[in-house]
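In: Provided below are the primary sequence and the corresponding predicted coordinates.
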Amino acid sequence: MSHNALIVGASGIIGRALSEHLLAQGWTVHGLSRGRAATVPGSTPVIADLTDAASVAAAAAQLDITHVFFTAWSRQATEKENIRVNGAMVGNVLEPLGRASRLRHAALVTGLKHYLGPFEAYAAGAVPDTPFRETQGRQPVDNFYYAQEDRLFEAADRYGFGWSVHRPHTIIGSAVGNAMNMGQTLAVYATLCRRTGQPFVFPGSAAQWNGLTDMTDARLLARHLEWASTHEQGRNEDFNVVNGDVFRWRTLWGQVAGYFGVEPAPFDGNMRPLEGRMREAADEWTRIAAEHGLREPHIDRIASWWHTDADLGRPMEVVADMTKSRKAGFLDYQSTPDAFFDLFERLKAERLIPA
């Protein structure tokens, strides 16, 4: 049985990893994006404006899709706007594909803000106890993830295709121009510290420094997406998806520093966000890029200070449970330190950081 995938957000951190994985498994892959960045070689680019239903419908009419993977979102000024825009984007994709009647499965990637709440009310309410489990359900707050899910469920009921929802933690992977990319951000930060001789200062909270946490490798998420979309155990289910190990930043921070040959600063319990400290880093990065022949001289295309600050600044433990996936048959695992070091090697090979 042939598998023809449409990956929405194909040039992003998840979309790139998923494209590479599905192509390696023999899938036909179409990558839908705004056309601002190239899709993975071997995939067919599809350019459309996700906020324009007619634009998406026109693009979808040319395709013969069996599986759609929704990995994109559009950040708005308020959560009310996030709900309106991002919910509509899911509907704009699923309606024409559902009407075409060949669609077998739609997978939606959201995240652990399902449990933590949206950025504007981040962890402001009563956060469920950790580890987060799928049975804990929704929080009583506005959240665009819930709007996206509702549009998914409505379209699946209307047109009869299967669905899955995937909730990763912070994702480790490579994508230029991605707004939520801690791995690349830390690589850029460490490179700047090595260049200037400044110590490698942990920007986050004491809770994150000392507590247990986990993360999600984009490659493992790609395998999880394929598994859920092709196995009955994954049909019409929501899943957490993390690497399967836990770690403390007070240990991993020194390992990352050692990889880049920089000095990790002792943590004194005070938060020192990167966004404020990196305001003057753009010019320095431009010089580094010129000296080393790097592909991307614009620091804001490869580093997302605000997002890394948000993740590392959390005031509570954040750990997700994988029991539901394990019991359903997904037994994959990824070492988080290895995920970081694999990413750093890839960034060097792709000339995004100095070798």
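Out: Thanks, I have the structure now. Note that the coordinates shown come from a computational prediction; the quantities given were computed from them, not determined experimentally. Residues are numbered from 1 along each chain as shown.

In: count of residues packed around the nearest residue to residue 37 once chain neighbours are set aside?
Out: In space, and not counting its chain neighbours, residue 37 is closest to residue 11: 3.8 Å by Cβ to Cβ, 6 or more residues apart in numbering. All C-beta atoms are positioned from the backbone trio N, CA, C, and that covers glycine. As a burial measure, residue 11 scores 25 neighbours (other Cβ atoms under 10 Å).

In: right, and residue 11 touches residue 39 too?
Out: Yes: between residue 11 and residue 39 there is a contact at 5.9 Å, judged by Cβ atoms under 8 Å.

In: Find the residues that touch each one of these two.
Out: Common contact partners of residue 11 and residue 39 (Cβ atoms under 8 Å, 6 or more residues apart in numbering): 31, 33.

In: State the three-state secondary structure for the residue nearest to residue 37.
Out: What DSSP: H, G, I helix; E, B strand; the rest coil gives for residue 11 is coil.

In: That one: what's it in contact with?
Out: 31, 33, 36, 37, 38, 39, 175, 177.

In: same question, residue 305
Out: 185, 273, 274, 275, 278.

In: Model confidence for the fourth one, exactly?
Out: So the one you mean is residue 275. Looking at residue 275, its pLDDT reads 95.

In: Help me confirm that it comes into contact with residue 307.
Out: No: applying Cβ under 8 Å, one finds residue 275 not in contact with residue 307, separated by 9.4 Å.

In: higher neighbour count, the two?
Out: The residue with more neighbours, out of residue 275 and residue 307, is residue 307; 19 against 14, by other Cβ under 10 Å.

In: and the more buried one, what does it touch?
Out: When contacts are taken as Cβ under 8 Å, 6+ apart, residue 307 is in contact with 179, 180, 181, 182, 185.

In: So which of these sit within helices?
Out: Assigned to helices by DSSP state H, the following of the contacts of residue 307 qualify: 182, 185.

In: Buried by neighbour count, from the contacts of residue 307: which ones?
Out: 180, 181, 182, 185 (16 or more other Cβ atoms under 10 Å).

In: Identify the residue spatially nearest to residue 80, adjacent ones excluded.
Out: That would be residue 142: by Cβ to Cβ, 6+ apart, it lies 6.5 Å from residue 80.

In: May I ask which helix or strand encompasses residue 107?
Out: strand 105-109 (DSSP states H and E).

In: Can you show me the strands along the stretch 151-300 of the chain?
Out: 162-168, 171-172, 212-213, 216-217, 237-241, 247-248 (DSSP state E, counting those that start in this stretch).

In: Redo these as JSON lines? Include mean pLDDT and mean neighbour count.
Out: Listed next are the strands of the stretch 151-300 of the chain as JSON lines, based on pLDDT from 0 to 100; neighbours: other Cβ atoms under 10 Å:
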{"stretch": "strand 162-168", "mean pLDDT": "98", "mean neighbour count": "23"}
{"stretch": "strand 171-172", "mean pLDDT": "97", "mean neighbour count": "27"}
{"stretch": "strand 212-213", "mean pLDDT": "97", "mean neighbour count": "18"}
{"stretch": "strand 216-217", "mean pLDDT": "98", "mean neighbour count": "28"}
{"stretch": "strand 237-241", "mean pLDDT": "98", "mean neighbour count": "22"}
{"stretch": "strand 247-248", "mean pLDDT": "98", "mean neighbour count": "14"}
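
In: pLDDT value on residue 125, please?
Out: In this model, residue 125 carries a pLDDT of 62.

In: er, residue 117 I mean
Out: At residue 117 the predicted local confidence, pLDDT, stands at 86.

In: Around it, how many other residues sit close by?
Out: Other residues near residue 117 come to 21 when the count uses other Cβ under 10 Å.

In: can you redo the strands of the stretch 151-300 of the chain as CSV with distance to residue 129?
Out: Below are the strands of the stretch 151-300 of the chain laid out as CSV (distance: least, Cβ to Cβ, whole Å):
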stretch, distance to residue 129
strand 162-168, 16
strand 171-172, 24
strand 212-213, 14
strand 216-217, 20
strand 237-241, 14
strand 247-248, 19
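
In: Can you tell me which of those is nearest to residue 194?
Out: strand 171-172 (20.6 Å; Cβ to Cβ).

In: got a list of contacts for the closest one?
Out: Against strand 171-172 from outside (Cβ under 8 Å, 6+ apart): 13-14, 180-183, 215-218, 221, 336, 339-340, 343.
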